[in-house]
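Student: how does the following fold in three dimensions:
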Amino acid sequence: MVTKTMKYEIKYDKDLYNLLRDIQYVIYRLKNKATSMAWDWQQFSFGYNDRFGKYPKEKDVLGKTLSPDIYNLIKDEFGDFISSATVDVAIQEAVKKFKKDAPLINRGEVSVANYKRDGSFPIRKLQIRNLTKLNAKTYTAKFSLLSNEGKNQRGLKSGQIDVILRTGNGANVILDRILDEKYKMCDSKITKIKNKFYLLLTYQFESQKVLLDENKVMGIDVGVNVPATLAVSHDKYYRQFVGDGKEIRDFENQVLVRKKRIQQSRKWAGEGSVGHGIKTRTKALEKVSGKIANFKQTKNHNWSKFIIDEAVKMGCGTIQLEDLTGISEDNTFLKTWTFYQLKQYITYKAEQVGIKVVEIDPSYTSARCNKCGHIHNKSNKDKWRPNQETFHCQKCSHKANADVNAARNIAMKDIEQIIKDQLEAQKKSNQHALKYIVE
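Tutor: Okay, here's the model as predicted:
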């Protein structure tokens with residue numbers, strides 16, 4: 001099973017947001033209390049070990065494990081307002097966190113966790129009910145957040161609170177699949193980000209069962225005009241061009257022009273637009289700037305999905321792509337384009353279907369002829385790379401699309417060793433030829 005999380009905005013409602021803030025406050029106090037009690041148990045355990053030469057077992061002393069014991073002790077203090085399920089899970093989270101950190105705490109490497117007032121709080125899957133789709137971007141649900149006492153305190157007929165969830169393209173598909181029972185909803189969280197509350201919905205689904213051969217390799221070459229070019233090791237005719245670099249640059253230029261106009265307009269904007277603070281003055285600029293990042297993120301999601309689908313279709317159990325840690329200073333597109341984000345998306349989507357991702361050294365993958373294996377000297381690049389789109393081998397006269405030639409090299413298993421051996425062979429051949437040059 002694959003487990004993932006997706007964020008959904010909880011539509012603003014004054015009473016609902018006040019309630020969520022009140023729950024945050026209770027959980028903040030509860031978790032700190034549970035952590036303090038876990039600390040007390042640890043100190044008792046140390047003293048017990050000093051006296052009897054062994055650490056006590058929780059069940060032997062408490063009659064149960066630590067989390068349920070703490071729950072029984074503090075449920076009346078914190079469980080008279082919010083759902084007992086929320087109280088129970090919050091205590092479990094605090095105790096689990098303390099136990100995990102205990103070795104580091106004892107060595108003085110970290111401090112005991114101190115929970116903040118505006119932190120997230122758990123909501124179990126059974127507390128999310130009646131999920132209903134209104135349209136592609138809006139869903140409704142009932143959250144069981146309050147105890148009977150809490151319901152009465154708020155003057156409500158039910159402890160189930162009506163909530164509207166806002167979503168966008170892609171994220172709505174997950175809710176649809178949950179409704180269709182293709183995905184399974186799991187225990188989740190509610191959190192606050194910049195004065196808005198969100199449901200961090202955790203869900204599970206079975207990983208795809210596909211027939212993959214680890215020896216079948218897909219190579220991915222990144223470029224300027226085409227962000228990703230695909231080739232596979234076992235099919236010399238296969239090629240796929242993914243994305244359009246011009247589309248990215250045109251969109252970015254349009255947004256930057258608009259951003260410049262907004263910057264200029266700040267000079268004569270009315271008071272309602274300018275306001276008294278820097279946030280008001282820069283709000284429009286931030287919104288425009290975010291469009292570029294969102295556009296790139298959407299493209300990377302779409303392209304990575306296409307690439308993985310192609311790898312599965314071709315039976316590739318391995319994907320090889322370039323390690324662009326040291327991107328050259330003159331390659332403006334690769335430095336500004338979020339290739340690292342694309343690589344991240346490819347990696348985690350590949351893991352879902354059992355495909356291994358390997359990064360290789362990109363040196364010479366563009367200079368090697370995929371037909372005869374000859375590696376060209378970068379000093380005469382104008383001959384074997386007469387333009388951005390063309391590769392022309394100076395050894396065997398083979399001509400090909402430059403990106404396709406590079407992708408086919410990247411798709412070769414053990415390509416780094418192959419290039420190393422070829423360079424050594426060419427070096428020896430050149431040294432041998434020098435012996436017979438007549439001066």
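
Student: name the SS class of the closest residue to residue 186 other than its chain neighbours, please.
Tutor: Using Cβ to Cβ, 6 or more residues apart in numbering and skipping the chain neighbours, the partner closest in space to residue 186 is residue 202 (4.2 Å). (Each C-beta comes from the backbone N, C-alpha and C, glycine too.) Look at residue 202: counting by DSSP: H, G, I helix; E, B strand; the rest coil, its state is strand.

Student: cool, residue 156 as well?
Tutor: Under three-state DSSP, the three-state class of residue 156 is coil.

Student: measure it to residue 198 for me?
Tutor: 23 Å (Cβ to Cβ, to the nearest Å).

Student: out of these two, which sits in the busier spot?
Tutor: For residue 156 versus residue 198, the count of surrounding residues by other Cβ atoms under 10 Å is larger for residue 198: 19 against 14.

Student: now do the helix or strand that one falls within, average pLDDT.
Tutor: Residue 198 is part of strand 196-205 when elements are defined by DSSP states H and E. Averaged across strand 196-205, the pLDDT comes to 94.

Student: contacts only, for residue 19.
Tutor: 145-146, 154, 161 (Cβ atoms under 8 Å, 6 or more residues apart in numbering).

Student: does residue 384 touch residue 394 like I think?
Tutor: Yes: assessed by Cβ atoms under 8 Å, residue 384 is found in contact with residue 394 at 5.2 Å.

Student: what touches both of these two?
Tutor: residue 376.

Student: could you check which of the two has the larger neighbour count?
Tutor: residue 384 (21 against 13).

Student: which residue is the nearest non-sequential neighbour of the more buried one?
Tutor: residue 376 (4.4 Å).

Student: show the pLDDT at that neighbour.
Tutor: 94.

Student: residue 348 too?
Tutor: pLDDT, residue 348: 86.

Student: same question, residue 326
Tutor: The model's pLDDT for residue 326 equals 56.

Student: now residue 141
Tutor: 95.

Student: can you check residue 134 too?
Tutor: 93.

Student: list phi and psi for it.
Tutor: The phi/psi pair for residue 134 (degrees, to the nearest 10) reads phi -90, psi -50.

Student: ok, the nearest residue to it once chain neighbours are set aside - contacts?
Tutor: The spatially closest residue to residue 134, leaving aside those adjacent along the chain, is residue 140, at 6.1 Å (Cβ to Cβ, 6+ apart). Contact analysis of residue 140 by Cβ under 8 Å, 6+ apart lists 130-132, 134, 162-165.

Student: make it 7 Å
Tutor: Residue 140 makes contact with 132, 134, 162-164 under the criterion Cβ atoms under 7 Å, 6 or more residues apart in numbering.

Student: which parts of the helix or strand hosting it are buried?
Tutor: Using DSSP H and E, residue 140 sits within strand 138-144. Across strand 138-144, burial judged by 16 or more other Cβ atoms under 10 Å covers 139, 141-144.

Student: ok, which stretches of this structure are helices?
Tutor: Counting by DSSP state H, the chain has helices at residues 14-52, 58-62, 66-78, 84-106, 148-154, 171-179, 245-265, 271-274, 278-313, 332-336, 339-352, 381-384, 402-410, 415-434.

Student: export the strand holding residue 198 as PDB, just CAs?
Tutor: What follows is strand 196-205, C-alpha atoms only, in PDB (Å, rounded to 0.1, in the frame of the first residue of the first chain):
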ATOM      1  CA  LYS A 196      -6.300  29.600   6.900                       C
ATOM      2  CA  PHE A 197      -7.200  26.100   8.200                       C
ATOM      3  CA  TYR A 198      -6.500  23.100   6.000                       C
ATOM      4  CA  LEU A 199      -7.300  19.400   6.100                       C
ATOM      5  CA  LEU A 200      -4.200  17.400   5.600                       C
ATOM      6  CA  LEU A 201      -5.900  14.300   4.200                       C
ATOM      7  CA  THR A 202      -4.000  11.100   4.400                       C
ATOM      8  CA  TYR A 203      -5.000   8.300   2.000                       C
ATOM      9  CA  GLN A 204      -3.800   4.900   0.800                       C
ATOM     10  CA  PHE A 205      -3.900   3.000  -2.400                       C
END
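
Student: in its sheet, what does that strand sit against?
Tutor: strand 2-10 (antiparallel), strand 184-185 (antiparallel), strand 188-193 (antiparallel) (DSSP bridges).

Student: how about those in a markdown table, adding mean pLDDT?
Tutor: As requested, the strands paired with strand 196-205 are arranged in a markdown table below (pLDDT from 0 to 100):
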| stretch | mean pLDDT |
| --- | --- |
| strand 2-10 | 90 |
| strand 184-185 | 94 |
| strand 188-193 | 94 |
